[in-house]
Structures are given as C-alpha cells and as structure tokens.
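Asker: sequence unavailable; structure follows:
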C-alpha cells in the first residue's frame, strides 16, 4: 500500500525549505501572555512564514497585542480567538472559525493549560478536576476537533505542550494532578500518532522550568533549590522552545511522530 498524503517524503531537500512554513496555517492555544511558551511558539512559526491563529481564555487585550506584534514583526496574517479548551463546543467553534478565516489548518499546537496549587490532600477535589479537565481533557478536545479536519485533508501536525513533570515528580512542590495530566498528554501523543498514522503526525514537547512569569510568586529559596537541581543551573527562556515547535510543525520532522522532546536543562537526567 502506498503512503498516504500525510506520510510522504517531502520534495524539498534543503533545510531552509524543510523548515519553511510559508503558506501554512498554525493554531496555537494559550498564547495571550507576553513571554509564555504559547506566544513564543507562535513567534517561531510566524518567523518561518506561517499565518497564525492564537487563542486566549481571559486575556483578550494581551492576545490582541500579540496579534498586532506578529503581523508587524513578521508580515504574516494573525488573528486571536477566545476559547475555553475545556469546553468541546468551544473548541469545535475555534476550528470552524479558523478554517473559515484562513481556509485550512496545517498544524495545531495544543498549549493551553492550568497549573496545580497543591497536592491531592491539600487541595479540594474541584482543583483536581480543574487541572485534569483543562490539561488532559482540553488537549483531547483539541485533538478531536482538529483531527477530523486533518483526516479530511489527509495531512496535518498536532503538537502537545506536555512537561518534564509528565516524566518525573517535581520537588519540593506538590502537584500530583498536574504531573498526572502531563504524563497523560505524553502518552496521548504516542497513542494519537498510532491512531492517526494514515493522515497526520502527533508529537509532544516536555519543557522544564521555563521563566514565563507564572512562577514569580514562588519564594526565592525554592527557586534556588530548583536551579541547584538543573545541570545547566538556570531556568529556561520560552524562546529556547520555539525551535522544537517549528521542527514538529514543519516538513523537517516528516519522519517524526509519537516523539517527545524534553527541554529541561538536564533536570530529568539526574
């Protein structure tokens, strides 16, 4: 049986062409912050020529500012959409609206998520439900909604923002719900890679401690402890992830599916 459209060898040979995203449309969820992983993924894709659709949950002003920057800085088409990834009809509407506005979706980066504030015994049951529902179910909803489009077109790339916390249990903070959700995301990527083998590729990225501003409230002593456990001795910058997102979205990764790239300064190797 010959390979499907989503499983063919690219015609291009040069890396500049393989990494180029010109003519492609990429969706990035959770990209309303000024220095988060979502906006850096969007910047990386726009830098390589892709038109970009980004989503926000509550920070509309931040998303609109990011859209203006993407269009001005990279000369691409960009638009933002309000979307609660934990609400499947909302995700379906997002996919439908992006296809209506951009004509298609070539890649989808499922980045939106929630963090845990405590352990299983420390937090109310509702906190467990919120983290699992947003991080795990929300990612599955994105996959289900855009996967139908990928199957119809016979090609596509789905990228999940997982976490090194899906590989190890962080110390000293207690966040079992988050760890479990992200471990599920990593295995979801592997499972979907097999399920979608005829028409799309699916991969995940597992960042370590990344300075996005979300951990600014953590006391300095705890942050110093984190850094002491990282071989490179520092937190990562979100821009240090965008190359991995571009790789997974682009034709440079045409033979890569079911993979997880850990970008953690070496934290999980100890």
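Answerer: Here it is on my side, so go on. In this text the structure is predicted, and so the values were computed from the model without any measurement.

Asker: how far does the helix ranked longest in the chain sit from its chain's centre?
Answerer: Counting residues, the longest helix in the chain under DSSP state H turns out to be helix 176-195. Distance, stretch centre to chain centre, for helix 176-195: 13 Å (C-alpha atoms, centre = their mean, to the nearest Å).

Asker: so what touches that helix?
Answerer: Contacts to helix 176-195, defined as C-beta atoms under 8 Å, 6 or more residues apart in numbering, come from residues 113-116, 119-120, 123, 127-128, 131-132, 134-136, 139-140, 143, 147, 158, 160-163, 165-167, 169-170, 201-204, 206, 257-260. In this view, the C-beta of every residue, glycine as well, is placed from N, C-alpha and C.

Asker: how about 6 Å then?
Answerer: 116, 119-120, 128, 131-132, 135-136, 139, 143, 160, 162-163, 165-166, 169, 202-204, 257-258, 260 (C-beta atoms under 6 Å, 6 or more residues apart in numbering).

Asker: could you turn the buried ones of these into a ChimeraX selection?
Answerer: Entered in ChimeraX, the line below selects the buried ones among those, by 16 or more other C-beta atoms under 10 Å:
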select :116,128,131,132,135,136,139,143,160,162,163,165,166,202,203,204,257,258,260
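
Asker: which of the contacts of helix 176-195 fall within helices?
Answerer: Those of these lying in helices (DSSP H): 128, 131, 132, 139, 143.

Asker: just name the closest of the residues you listed to residue 226, please.
Answerer: Nearest to residue 226 out of the ones in helices among the contacts of helix 176-195 is residue 131 (C-beta to C-beta; 20.1 Å).

Asker: which of the ones in helices among the contacts of helix 176-195 lies closest to residue 7?
Answerer: residue 143 (18.1 Å).

Asker: what's the local residue count around residue 124?
Answerer: For residue 124, the neighbour count with other C-beta atoms under 10 Å is 9.

Asker: cool, and residue 221?
Answerer: Residue 221 has 8 nearby residues by other C-beta under 10 Å.

Asker: can you read off the pLDDT for the nearest residue to residue 233 once chain neighbours are set aside?
Answerer: Nearest residue to residue 233 in three dimensions, chain neighbours excluded: residue 227, at 5.8 Å (C-beta to C-beta, 6 or more residues apart in numbering). pLDDT recorded at residue 227 is 89.

Asker: helix or strand for residue 227, which one?
Answerer: helix 220-228 (DSSP states H and E).

Asker: now the element after that helix, going C-ward?
Answerer: strand 236-237.

Asker: strand partners of that next one, parallel vs antiparallel please.
Answerer: Here strand 236-237 is paired, per DSSP bridges, with strand 210-211 (parallel).
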